[in-house]
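Enquirer: Generate coordinates for the sequence data below:
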Amino acid sequence: MRRNVMDTLREYRMVEPGDRVLAGLSGGADSVAMLHCLAGLREELDFSLTACHVNHCIRGEEAGRDQRFCEELCGRLEIPLTVMTEDVPVFAQEKGLGLEEAARELRYACFFRAAGQLAGSGGAVKAATAHTLSDSLETVLFSLARGTGLAGLCGIPPVRHTVGRPDVIRPLIRVTRRETEEYCRANGLEYVTDSTNLDERYTRNRIRRQLVPLLRELNPNLEQTVGRMTETLREDQDCLEGLAEEFLRLHGLPGEGGVLESIPRGPWLELPPAAAVRVLRRMMLRHGLPYDQKRLSLCRGAAREGRGAVELQKDIFLRVSPSHIRLERREGPVPYFEFPFGVGNRVETQGKNYTAFLLDCEQTEKFKKFGPNGLKNCLDYDKIYGIVKLRQKRDGDRYTPWRRSGSHSLKKLFQEAGVSPRERGRLAVLEDSQGILWVEGIGCAQRAAPGPSSERLLEIEVTRASDPARHDGGSV
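Expert: Numbers count the residues shown, from 1 in each chain. Have a look, this model is predicted:
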């Protein structure tokens, strides 16, 4: 077993010279074997070793017995020990969790807290847990029974990296439970047995005591066979996750306003399906949003369709338009705005500046060469009548956009352009006494469109409030 652990530590670069390893010690055969084995390797691999025992307050006197055993063992091995006590039953009741889940959550919290006490004195801190190949097999079977994707079939990873926390390493991940027990016998090591491991009311115990023996009849090398499978699947999983991370690095757009994050839909559609769904999941994870197979399926369906929204959490949605996939936070309605607007005026609203500039004949000729796209924010000045206002859209607004026939509702035009409902209230509408002249993001009205006979153009410049205007300002 010692050689197996040594090879695992080196292959996965679990420890480096100068590291400080905090070993989780329950007192069972697995953790005792791990602690003893690491103690024998610390000089050769140049790392320091301490231990942490968590008293879960679940088994009364038996829990106290386990704590005393760990204290005596660490005393004999001359390994510093940190003991922490957590009332798991109370925590489970408060959080609405099962005992197993609550114990696991508190145990890791204790490990990280103890690891934090080791930080700051040189070298990285690593938290070592005594998960074995047998534990990984049980995890795969448990995930398979509940329904899972590729990640659930990868078992327990040898190393777990979490930003802001010490790496969790599993030196025994290629060692079976039988091998740890044999190691203890061969080295004269005593260990304690957790009585709850015999309680078949717990799902993992039923898997361990009923299902695994049946499968082992079909394949005596069950753990090793499944272990090879999980290593292969982890490589596939890492490849797909890498593709997703690279996509977000290249195409991810920073959030602004109520948009937390967005990506262009076109490049996303070109991804292999397995990578595409991981992009969506990573977007959710980056913002701490819950996800499951049902949510992911709904999000992927909306993204493929190019429309729709999926609520991920209260007031947070994944919203899809033909052009973009966005994570959005629902915001309150934008207060109605309306301002007089004329040549040389600058209106600041919704974090943007709107400025009107009159272009003379020479400038107008230059602008005409830009074609329809270059003239999107330009109007024939001599086709504007009466008082001009810059305002928010109103229900029932309609107009005929340039180069379109018939009147269209702004709602329909915004839908066609992929403008989210949240953003529509932030866009400006320009109107004169005869109706709508121009809509931000859509363009000018057909009745005021520039043409060959236009002598003067009114250009509407839109900039962020923090950006300088492109023009000098004033009438020209």
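
Enquirer: pLDDT on stretch 315-322, on average?
Expert: For stretch 315-322, mean pLDDT rounds to 90.

Enquirer: So which residue is dead centre in this structure?
Expert: Central residue of the chain (C-alpha atoms, centre = their mean): residue 285, 1.6 Å from the mean position.

Enquirer: tell me which element it falls in.
Expert: helix 273-286 (DSSP states H and E).

Enquirer: three-state assignment of residue 301?
Expert: With DSSP: H, G, I helix; E, B strand; the rest coil as the basis, residue 301 sits in helix.

Enquirer: Identify the residue spatially nearest to the residue nearest to the centre of the chain, adjacent ones excluded.
Expert: residue 291 (7.4 Å; C-beta to C-beta, 6 or more residues apart in numbering). Just so you know, the C-beta spots here come from the backbone N, C-alpha and C atoms, and that holds for glycine as well.

Enquirer: Give me the neighbour count for residue 198.
Expert: 11 (other C-beta atoms under 10 Å).

Enquirer: try residue 250
Expert: Burial of residue 250 is recorded as 9 neighbouring residues (other C-beta under 10 Å).

Enquirer: which helices and strands sit right next to the helix or strand where it lies?
Expert: Assigned by DSSP H and E, residue 250 belongs to helix 222-251. Here helix 222-251 is seen to pack against helix 133-146, helix 212-218, strand 259-264, helix 265-269, helix 273-286 when contacts are counted using 3 or more C-beta pairs under 8 Å, 6 or more residues apart in numbering; DSSP states H and E.

Enquirer: Show the average pLDDT along the shortest one.
Expert: Helix 265-269 shows a mean pLDDT of 96 in the predicted model.

Enquirer: residues touching residue 171, list them.
Expert: 5, 8-9, 14, 34, 37-38, 128 (C-beta atoms under 8 Å, 6 or more residues apart in numbering).

Enquirer: In helices, which of those fall?
Expert: 5, 8-9, 34, 37-38 (DSSP state H).

Enquirer: Now residue 280. Nearest residue, chain neighbours left out?
Expert: In space, residue 280 is closest to residue 299, 5.0 Å off (C-beta to C-beta, 6+ apart).

Enquirer: Show me where the stretch 301-450 of the chain has its helices.
Expert: For the stretch 301-450 of the chain, helices defined by DSSP state H, counting those that start in this stretch occupy the ranges 361-368, 371-374, 410-417, 421-424.

Enquirer: so how far is residue 94 from the residue nearest to residue 103 when sequence neighbours are not counted?
Expert: Distance criterion C-beta to C-beta, 6+ apart; nearest residue to residue 103, sequence neighbours excluded, is residue 88 at 4.8 Å. Residue 88 sits 11 Å away from residue 94, going by C-beta to C-beta, to the nearest Å.

Enquirer: Among these two, which residue is more densely surrounded?
Expert: Under the neighbour definition other C-beta under 10 Å, residue 88 and residue 94 were set side by side, and residue 88 has more, 23 against 10.

Enquirer: Which positions within stretch 253-264 qualify as buried?
Expert: Neighbour counts over stretch 253-264 (16 or more other C-beta atoms under 10 Å) mark 258-263 as buried.

Enquirer: out of those, who's nearest residue 459?
Expert: Within the buried residues of stretch 253-264, the smallest distance to residue 459 is 27.8 Å, found for residue 259 (C-beta to C-beta).

Enquirer: Done for today, thanks.
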